[in-house]
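Structure for this input, please:
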Amino acid sequence: MSEHTRDTGSPDGETAPAAGPAADSTPASDSPADDPSANGAAPNGPPSDGTGPDDTAAAEADSADAEPGGSGVRPPLRRRRRRRKRSFWREFPILVAVALILAVLIKSYALQAFFIPSGSMENTLEVNDRVLINKLVYDFRGIHRGDIVVFDGDGSWDPGTVPSTNPFAEFASNFASMFGFGHPGDIYVKRVIGLPGDHVACCDAEGRVTVNGVPLSETSYLYPGDVPSSSRFNIVVPSGQLWVMGDHRSVSADSRDHLGDPGGGTIPVNSVLGRAFIIIWPPSRWRILPIPATFGQSALDKQAASAAGASGADQLLADGVRLQSTGPVLPLSLGLAGAVPITWFQRRVRRRIRRRRREIP
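Now for the predicted structure:
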């Protein structure tokens, strides 16, 4: 029995290895190649190269800040913010300068707002109304009868220096007035009744003012209860002059009250500032200021054609009731509105130029 058992264990008669765990079989965890500590990695964690989780997060943040097409890393966020602030303060003086220049240009040559302090143009213009005048309109058309115009009374109705027509002097004067300096002049607002060469008289048998023998129907704009005029006059408007009257005839000091002055109560067209075309304040008074229909009578022009002809320069404007400028708020607002896109555009141009210079090898 014992021999038979030995023969069946091995063909060569050698003893077979015992069943169970082999003496030389080592668990996988005991192998140096598989030992995490051998490679410097923490057990049950990712391989370590000597950096901790905080260092890995910082590296990821830096890589997120890298420029897509650049070769380096963007400056830290705090540095970029400081750079933007410096850029803003460098460009802020440019923005202010452009806004001021645009504001003065607008005030001098385009639009200006005025405050109505008296009732000589009621009810068309009431006390505390703000009106906007158009300074460009008479560069494209002549003055019309019935226009409400604003003019400087210096040298005509009021003693003083005749307003300068020099554009540079006008620009300097308007710039100074933006900050409360200079002489603002005696500014009036009135309605134009007679153009150069017109024959203006009061009154016909029905008490109406006539222009070139044509009676005016003024009930649509005269102050309720007022008559066209309580004083009589009869004048041919000199060349280069205008005859103007207020809508509140009983209180208006207009051409009728200056008959003894040079020009016989008329005002020079070169004192014109612009045409009042809209009430902008208060909101309840918003409205356009149209020319009354009575001034559209064709007979007015037919009769005027036979009178002394007026030159193109005569076809301008004039004014009456004293006004006060509303100050620099409107022109500065318009100037700022124009300066912002201009400054933005030049900034974009400068950036493109710098970018192209960098791209040049």
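
Please count neighbours and contacts with C-alpha atoms only from this point.
Fine.

Which residue ranges of the protein form strands?
Here the chain has its strands, by DSSP state E, at 111-115, 130-134, 148-152, 187-194, 199-202, 209-211, 214-215, 233-236, 241-245, 267-268, 272-281, 287-288, 321-325.

Output the ones you listed in TSV, with distance to residue 95 appended to each entry.
Shown next, in TSV, are the strands of the chain (distance: least, CA to CA, whole Å):
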stretch	distance to residue 95
strand 111-115	21
strand 130-134	26
strand 148-152	32
strand 187-194	32
strand 199-202	52
strand 209-211	52
strand 214-215	55
strand 233-236	52
strand 241-245	42
strand 267-268	39
strand 272-281	27
strand 287-288	33
strand 321-325	25
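
Of all the ones you listed, which one is nearest residue 94?
Minimum separation from residue 94 across the strands of the chain (CA to CA) falls at strand 111-115, 23.5 Å.

Can you list the strands that the closest one pairs with?
Strand pairing for strand 111-115, using DSSP bridges, gives strand 130-134 (antiparallel), strand 321-325 (antiparallel).

buried ones in that strand?
111-115 (16 or more other CA atoms under 10 Å).

and residue 135, how many residues sit next to it?
Residues lying near residue 135 (other CA atoms under 10 Å) number 20.

next one: residue 136
14.

quick one: contacts for it?
109-111, 274 (CA atoms under 8 Å, 6 or more residues apart in numbering).

on that earlier part again, select from the strands of the chain the stretch with the lowest mean pLDDT.
Across those, strand 321-325 has the smallest mean pLDDT, namely a mean of 52.

where does the stretch 51-200 of the chain have low pLDDT?
For the stretch 51-200 of the chain, applying pLDDT under 70 flags the ranges 51-88, 159-185.

which stretches of the stretch 201-350 of the chain have low pLDDT?
Ranges of the stretch 201-350 of the chain meeting pLDDT under 70: 303-340, 343.

cutoff 80 now
Scanning the stretch 201-350 of the chain with the threshold set as pLDDT under 80 gives 262, 302-350.

how far away is residue 350 from residue 150?
44 Å (CA to CA, to the nearest Å).

which of these two has more neighbours?
Set residue 350 next to residue 150 and count neighbours by other CA under 10 Å: residue 150 wins out with 28 against 10.

mind checking how far that one is from residue 89?
Residue 150 is 41 Å from residue 89, by CA to CA.

okay, now residue 260: neighbour count?
The local packing of residue 260 (other CA under 10 Å) involves 10 other residues.

Backbone dihedrals for it, please?
In terms of degrees, to the nearest 10, the main-chain angles of residue 260 are phi -90, psi 0.

How about residue 222?
Per-residue torsions, residue 222: phi -70, psi 150 (degrees, to the nearest 10).

Could you measure from it over to residue 228?
According to CA to CA, residue 222 stands 8 Å off from residue 228.

Now do the shared contacts for the two.
Overlap of the contact sets of residue 222 and residue 228 (by CA under 8 Å, 6+ apart) consists of residue 249.

Test my guess that residue 280 contacts residue 132.
Yes: look at residue 280 against residue 132 with CA atoms under 8 Å: they come within range, at 6.7 Å.

More neighbours: the two, which one.
Looking at residue 280 and residue 132 with other CA under 10 Å, you find the greater number of neighbours at residue 132, namely 20 against 17.

Need the nearest residue in space to the more buried one, chain neighbours excluded.
residue 113 (4.4 Å; CA to CA, 6 or more residues apart in numbering).

hang on, isn't the one you found packed against residue 135?
No: assessed by CA under 8 Å, residue 113 is found out of contact with residue 135, at 10.8 Å.

residue ranges of the helices in the stretch 201-350 of the chain, please?
Using DSSP state H, counting those that start in this stretch, the helices of the stretch 201-350 of the chain run over 298-305, 329-359.

in stretch 347-357, what's buried?
The neighbour-count check on stretch 347-357 (16+ other CA under 10 Å) flags nothing as buried.

Kindly report the same for stretch 121-132.
Neighbour-count burial for stretch 121-132, counted by 16+ other CA under 10 Å, picks out 121-122, 124-126, 129-132.

Name the nearest of those residues relative to residue 203.
For the buried residues of stretch 121-132, the nearest to residue 203 is residue 121 (20.6 Å; CA to CA).

isn't the closest one right up against residue 250?
No: contact criterion CA under 8 Å: residue 121 and residue 250 do not qualify, at 10.4 Å.

how long is stretch 212-222 from one end to the other?
One end of stretch 212-222 to the other measures 20 Å (CA to CA).

buried stuff in that stretch?
Residues 212-218, 221-222 are the ones in stretch 212-222 that count as buried (16+ other CA under 10 Å).

which other residues reach it?
The contact list for stretch 212-222 (CA under 8 Å, 6+ apart) reads 122-124, 198-200, 204, 208-210, 228, 247-249, 292, 294-295, 299-300, 303-304.

hmm, back to that, quick one: the buried residues of stretch 212-222 as CSV, columns for distance to residue 142 too.
Shown next, in CSV, are these (distance: CA to CA, whole Å):
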residue, distance to residue 142
212, 19
213, 22
214, 21
215, 22
216, 21
217, 23
218, 22
221, 22
222, 24
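
Check these against residue 93 and report the nearest one.
Closest approach between these and residue 93, by CA to CA: residue 221, at 48.3 Å.

any idea how far residue 151 is from the closest one?
21 Å.

Equivalent analysis for residue 359, please.
Counting by CA to CA - residue 359 and residue 151 are separated by 58 Å.

Settle it for me: which of the two has more neighbours?
residue 151 (28 against 7).

care to break this structure down by domain?
77-102+337-359, 112-326 (automatic domain parsing).
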